[in-house]
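> Need a 3D model of the sequence below.
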Amino acid sequence: QVEKLNPQIQLLGVRRADAAYAPTLFSTFSRRNSTAPPSDFLSAGGASNIVTNSNFVTSGGVQQSVPFGGGSYSVAFDGSRVTSNAARTLFSPQLGSNLNAQYVQPLLRGFKIDALRQQLLLSRNQAQAADIQLQQRITQTSRNVRFAYYTLIGAVARLEVAQQSLELSRQSLKNNETRVEVGTMARIDIVAAQAEVASNEELVIIQQAAIETAQDALRNLIMNPTQNDFWNAKFIPSEQPVLAPQAIDVDAAIKNALQNRTDLREFRKNMESTDIQMQFAKNQKLPAVDLTARYGLTGIGGTQNRFGEPLEPGGAPPIIGTSVRSFAEVLRDVFGNDFKTWSFQVNVSYPIGTSVADAAYAQARLQKQQEQTQLANLELNIAQAVLVLAYEWRRQSDLGAKLPFTDALAELATKRELLGLFEHLEEALDRSGFFTAPDKRPPVVNNLRAMLSRGNLSSQEVRTLRGVISSLDRKHERPNPKRQKRQ
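Reported below is the predicted structural model:
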């Protein structure tokens, strides 16, 4: 659940980086009023010695950084109303409007990549790395679930073997007690059989605890701990794993591993991030040459004063009439492209000496070399691991070997068959004089039975062993026509 959130978090990081290219609307409103004495000869001579100016300005527009070329633009439109009682003021009130556009384009530094595009590329790369990490986590979880399931199967099988060994030891103890009652065995020999029974009882308890441990491990992997029946859930294995022979193309397996292993893919994504950082640092070493283009349109209107001749030398001319230009006419001037202003500007800057970009580029290059070496070592280790596993798989397949807890457990020898094998072997050893010391016979017999019990013998294997014992127990050798006669 935690790993599933990482791709979502990184996706939101991509959206945040991409939001830097979203258009932005802006607007301003301002009101200003001022009073001051006349400051020039045009303002002097009026009816008042105080000049009062008042203006109201509103503006709005849009600005945006473009995702190609590292440029940015802005378009602004404004309207204003200005009043003044200064002498010789042409418009009072004066209505004005302006439409201004500006575009800034980097020509060298910031043209191929800039800070915004670097962050966007890194965010996208991190999002892809998060997806790979999620795939890796899913793969690891699937592998851990399979391993826990197989461990549970093995624990169940070992418990069955331990229970069979316990039953055999109890049967052997019972037979020894019978021998003691009829006088063919000393009573002290029963102690060893009792010890074997106790040891097998302990082994059964250990295997039962192993099953509970395997149940807990599997439960933690596939269930939610907040469920009410979490600790009461039990798993019953229904499928036995079997190793089937399968041809392996080693070259294709190595190629597939180098292309699809999640750890390699994640490491390559980290190398791509280093490439992006190195590309940005290299670009930052270039001179900053920025081209700025501006274009503006304007219009003026309002109440226009018409002045006559001054009544006295140096006096203010009287207003002899007015005319009005509405704001609609002002807008007509603006959008009619009647009064325009344009300009081009080139700004150049270059640091003197070693800059931060030089140090960052050198650091990124060294990091790139280090990652290339690490990638080569990682690929070599993976190729070697594939070779070893392919060899082991082929070896096991050629032998036809199965896992120790396969469906062959259903064909294990019965307790009666094992007991018959034990008695047959002991009788043959007695006839051959193997037990030279009577007091050593019980522990040796118990050891032999324990070894044969741990072998998980099948019915066919028991019959084969009994045939071998019968062959060795014969008084006379079977004639072999291939054997050369002694001279």
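
> Would you verify that Ser343 is located in a strand?
Yes. Assessed with DSSP: H, G, I helix; E, B strand; the rest coil, Ser343 lies in a strand.

> how close does Leu378 sit to Gln370?
Plainly put, Leu378 is 12 Å away from Gln370 if you go by CB to CB, to the nearest Å. Quick note: C-beta positions are derived from backbone N, CA and C, even for glycine.

> Tell me which of these two has more neighbours.
Neighbour count, other CB atoms under 10 Å: between Leu378 and Gln370, Leu378 has more, with 15 against 11.

> And the helix or strand hosting that one, what does it pack against?
Element membership for Leu378 (DSSP states H and E) is helix 356-399. If you count contacts as 3 or more CB pairs under 8 Å, 6 or more residues apart in numbering; DSSP states H and E, helix 356-399 packs onto helix 250-260, helix 262-284.

> By mean pLDDT, show me the worst of those helices.
Sorting those by mean pLDDT places helix 250-260 lowest, at a mean of 87.

> Can you list the buried residues in that helix?
Ala253, Ile254, Ala257 (16 or more other CB atoms under 10 Å).

> Cross-check the contact I'm expecting between the second one and Val386.
Yep, that's Ile254 we're talking about. Yes. Using CB atoms under 8 Å, Ile254 is in contact with Val386, at 5.0 Å.

> Between helix 262-284 and the helix holding Leu378, find me the angle.
Helix 356-399 runs at 160 degrees relative to helix 262-284, counting by axes from the mean of the first three to the mean of the last three CA atoms, to 10 degrees.

> Compute the inter-axis angle for helix 356-399 and helix 250-260.
140 degrees.

> Helix 356-399: what's the following helix or strand?
helix 415-432.

> I'd like the average pLDDT over whatever helix or strand comes next after that next one.
The helix or strand immediately downstream of helix 415-432 is helix 441-453, counting by DSSP H and E. The average pLDDT for helix 441-453 rounds to 79.

> any residues touching helix 441-453, and which ones?
For helix 441-453, contacts defined as CB atoms under 8 Å, 6 or more residues apart in numbering pick out 161, 164-165, 168-169, 172, 176, 185, 189, 192-193, 196, 418, 421-422, 425-426, 435.

> Run the chain-centre distance for the helix holding Leu378.
19 Å (CA atoms, centre = their mean, to the nearest Å).

> Same question for stretch 419-429.
Centroid displacement of stretch 419-429 relative to its chain, using CA atoms, centre = their mean, is 61 Å.

> So which bits of it are buried?
Under the neighbour-count criterion of 16+ other CB under 10 Å, stretch 419-429 has Leu419, Leu421, Phe422, His424, Leu425, Glu426, Ala428, Leu429 buried.

> Redo the residues you listed as CSV? Include pLDDT.
CSV is the format used below for those (pLDDT from 0 to 100):
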residue, pLDDT
Leu419, 83
Leu421, 86
Phe422, 85
His424, 86
Leu425, 86
Glu426, 83
Ala428, 85
Leu429, 84
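
> between those, which is closest to Asn144?
Nearest to Asn144, judged by CB to CB, of the buried residues of stretch 419-429 is Leu421 at 40.3 Å.

> excluding its backbone neighbours, what's nearest that closest one?
Nearest residue to Leu421, sequence neighbours excluded (CB to CB, 6 or more residues apart in numbering): Val462, at 5.1 Å.

> picking that back up, return the closest of the buried residues of stretch 419-429 with respect to Leu412.
Distance to Leu412, by CB to CB, is smallest for Leu421 among those, at 12.7 Å.

> For Tyr103, which of the helices and strands packed on helix 356-399 is the nearest?
For those, proximity to Tyr103 was assessed by CB to CB; helix 262-284 is nearest, at 20.5 Å.

> Skip ahead from that closest one and say which helix or strand is next.
Using DSSP H and E, the helix or strand that follows helix 262-284 in sequence is strand 288-307.

> Give the other helices and strands that the helix or strand just after that next one contacts.
Sequence-wise, the next helix or strand downstream of strand 288-307 (DSSP H and E) is strand 319-325. Judged by 3+ CB pairs under 8 Å, 6+ apart, strand 319-325 is in contact with strand 288-307.

> For the strand it packs on, which strands pair with it and how are they oriented?
strand 91-106 (antiparallel), strand 319-325 (antiparallel), strand 340-349 (antiparallel) (DSSP bridges).

> now the contacts of helix 441-453: which count as buried?
Neighbour counting by 16+ other CB under 10 Å classes 161, 164-165, 168-169, 172, 176, 185, 189, 192-193, 196, 418, 421-422, 425-426 among the contacts of helix 441-453 as buried.

> Mind listing what's buried along stretch 298-313?
Thr298, Gly299, Ile300, Gly301, Gly302, Gln304, Asn305.

> Check stretch 88-103 too.
Neighbour-count burial for stretch 88-103 flags 88-89, 91-102 (criterion: 16+ other CB under 10 Å).

> Please state the offset of the worst-scoring helix or strand of the chain on mean pLDDT from the chain centre?
The weakest-scoring helix or strand in the chain, judged by mean pLDDT, DSSP states H and E, is helix 441-453 (a mean of 79). Computed by CA atoms, centre = their mean, the chain-centroid distance of helix 441-453 equals 55 Å.

> ok, now how distant is the residue lying farthest from the centre of the chain from Ala87?
Centroid-distance maximum for the chain: Glu312 at 88.7 Å, with CA atoms, centre = their mean. Distance, Glu312 to Ala87, by CB to CB: 13 Å.

> cool, and Gln345?
In terms of CB to CB, Gln345 sits 38 Å off from Ala87.

> who touches Ala101 in this structure?
Contacts were defined as CB under 8 Å, 6+ apart; by that measure Ala101 touches Tyr73, Ser74, Val75, Ala76, Arg294, Tyr295, Gly296.
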